[in-house]
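**Q** Quick one, structure for this:
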Amino acid sequence: MVVEGLKCTDVEPSVVIDFPFGSGTPQMKLAAAEDAVKRGAKALDMVIDIGALKDKNYELVVQEIRDLVKAAAGAKTKIIIEVAYLTKEEIVAACKCVEEGGGHYVKSSTGRADRGPTMAEVKLMRDSVSEKVGVKVAGTGRFWTSQIAFGCILAGADLIGTRAGPEIVEDLPLLEEMYGNRIKVV
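**A** The predicted structure follows:
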């Protein structure tokens, strides 16, 4: 239904895999990804296995990402690392896993933790991956103002996922006046 409803628009049908904690088996994640692509998804957001990351089982985390990228068959992949549950060192490790696994974006949050990412965490994510990997800030909820969203862009975010979209879009002309075309509206 979503794929049909979005035909002839620039909006990409997206599916979240293993929401919200990433604790499903690699086989479950792979099957869900393959099914989503088969049904027309153009973007896949997968939650990493947070427990595996905390156990320093980076091989498993990287392999899940590689499997997702392969199953995506060209669809965008956004890998959710859930920064609210991670130390600085774990955020860096997660970002490195995303890049090594070939993910298109490292994504901050699902929105299910008790907070969204801090500006320092957004900057840390940007600093931990090359320019080949995008940084998506999400899990910010409606309480985030356009100023905070714009701050995240200045900290290195390429995409913003929020429920405050209308307010942010309203303030875009001012941001564009101040900073030019460094922003992407999705």
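**Q** Identify each buried residue in the helix or strand harbouring Glu176, please.
**A** Per DSSP states H and E, Glu176 falls inside helix 165-179. Residues of helix 165-179 classed as buried by neighbour count (16 or more other Cβ atoms under 10 Å): 168, 175. For the C-beta atoms, the positions are set from N, CA and C on the backbone; glycine is no exception.
**Q** Report the backbone C-alpha coordinates of that helix in PDB.
**A** Extracted C-alpha coordinates of helix 165-179, given in PDB (Å, rounded to 0.1, in the frame of the first residue of the first chain):
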ATOM      1  CA  GLY A 165       9.300  18.500  10.000                       C
ATOM      2  CA  PRO A 166       6.800  21.200   9.300                       C
ATOM      3  CA  GLU A 167       8.500  23.600  11.700                       C
ATOM      4  CA  ILE A 168      11.900  22.800  10.400                       C
ATOM      5  CA  VAL A 169      10.800  23.300   6.800                       C
ATOM      6  CA  GLU A 170       9.200  26.600   7.700                       C
ATOM      7  CA  ASP A 171      12.600  27.800   8.900                       C
ATOM      8  CA  LEU A 172      14.600  26.500   5.900                       C
ATOM      9  CA  PRO A 173      14.700  29.800   4.000                       C
ATOM     10  CA  LEU A 174      16.500  31.400   7.000                       C
ATOM     11  CA  LEU A 175      18.900  28.600   7.200                       C
ATOM     12  CA  GLU A 176      19.600  28.700   3.500                       C
ATOM     13  CA  GLU A 177      20.200  32.400   3.700                       C
ATOM     14  CA  MET A 178      22.700  31.900   6.500                       C
ATOM     15  CA  TYR A 179      24.500  28.700   5.300                       C
END
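**Q** show me where pLDDT drops low in this structure?
**A** Applying pLDDT under 70 to the chain picks out residues 140-143, 180-186.
**Q** All the helices of it, residue numbers only.
**A** Secondary structure of the chain, counting by DSSP state H: helices at 2-5, 26-38, 50-54, 58-72, 88-101, 119-128, 146-155, 165-179.
**Q** Would you mind measuring the gap between the ends of stretch 81-97?
**A** 10 Å (Cα to Cα, to the nearest Å).
**Q** Can you pull up the most central residue in this structure?
**A** For the chain, the residue nearest the mean C-alpha position is Lys107 (2.5 Å; Cα atoms, centre = their mean).
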